[in-house]
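*Asks:* Here is a sequence together with a model predicted from it:
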Amino acid sequence: MCGTVYNVKVTAVNYAGESQPTLQRMRVGKPSSVPLYLKWTSIVPQTSIALSWAAPVDNGCLPLVSYVMNKNGVDMADVIAPNQLSFVDTHLATGGAIGTLIVYKIKTTNYAGESLYSEPLPITVGLVPNAPTNLRISS
């Protein structure tokens, strides 16, 4: 049953006899559900993209170990702590030019494995347009 703690005794046996037991505690669990609501919170073209999300509804009865951010189909090497619900991608020197499409997904890890990825979040890096000029008011 999910979350149940089992006490396990393991011994080794050969022709000479049986060893003393080793005692181990194990908690039964499963990979967590998917992190929710991945969204961008700020974009600075050619510099950074800030992202945030919500924790999964179900942790699989085991503590989360980390979040893993995926960028354009490749898991990023950055370690995101389980209590951190935001991330700033500053690796944009070669992939953050104006008009670049970047797709992010996120998953969790716990001691039972990895969750599925979140829904993809496609972002096209752009600039805020200039303020309008030469305005005319007509009736």
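*Replies:* Now that the structure is in, tell me what you want to look at. Numbers count the residues shown, from 1 in each chain.
*Asks:* just the strands in this protein please.
*Replies:* Ranges of strands within the chain are 5-10, 13-14, 17-18, 22-27, 36-44, 48-54, 64-71, 74-75, 86-89, 101-110, 113-114, 121-124, based on DSSP state E.
*Asks:* which one of those strands has the lowest average pLDDT?
*Replies:* Note on the strands of the chain: lowest mean pLDDT is at strand 22-27, with a mean of 84.
*Asks:* Okay, now the sheet partners of it, with direction.
*Replies:* strand 5-10 (antiparallel) (DSSP bridges).
*Asks:* ok now the partner strand, how far from the chain's centre?
*Replies:* Relative to its chain's centre, strand 5-10 lies at 31 Å (C-alpha atoms, centre = their mean, to the nearest Å).
*Asks:* quick revisit: please tabulate the strands of the chain in TSV, including the columns mean neighbour count.
*Replies:* From N, CA and C alone the C-beta is placed, and that goes for glycine too. What follows is the strands of the chain, written out as TSV (neighbours: other C-beta atoms under 10 Å):
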stretch	mean neighbour count
strand 5-10	9
strand 13-14	8
strand 17-18	8
strand 22-27	10
strand 36-44	14
strand 48-54	18
strand 64-71	19
strand 74-75	11
strand 86-89	17
strand 101-110	19
strand 113-114	14
strand 121-124	13
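*Asks:* can you redo the ones you listed as JSON lines with distance to residue 138?
*Replies:* Converted to JSON lines, the strands of the chain look like this (distance: least, C-beta to C-beta, whole Å):
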{"stretch": "strand 5-10", "distance to residue 138": "75"}
{"stretch": "strand 13-14", "distance to residue 138": "95"}
{"stretch": "strand 17-18", "distance to residue 138": "97"}
{"stretch": "strand 22-27", "distance to residue 138": "71"}
{"stretch": "strand 36-44", "distance to residue 138": "35"}
{"stretch": "strand 48-54", "distance to residue 138": "40"}
{"stretch": "strand 64-71", "distance to residue 138": "47"}
{"stretch": "strand 74-75", "distance to residue 138": "53"}
{"stretch": "strand 86-89", "distance to residue 138": "45"}
{"stretch": "strand 101-110", "distance to residue 138": "39"}
{"stretch": "strand 113-114", "distance to residue 138": "59"}
{"stretch": "strand 121-124", "distance to residue 138": "34"}
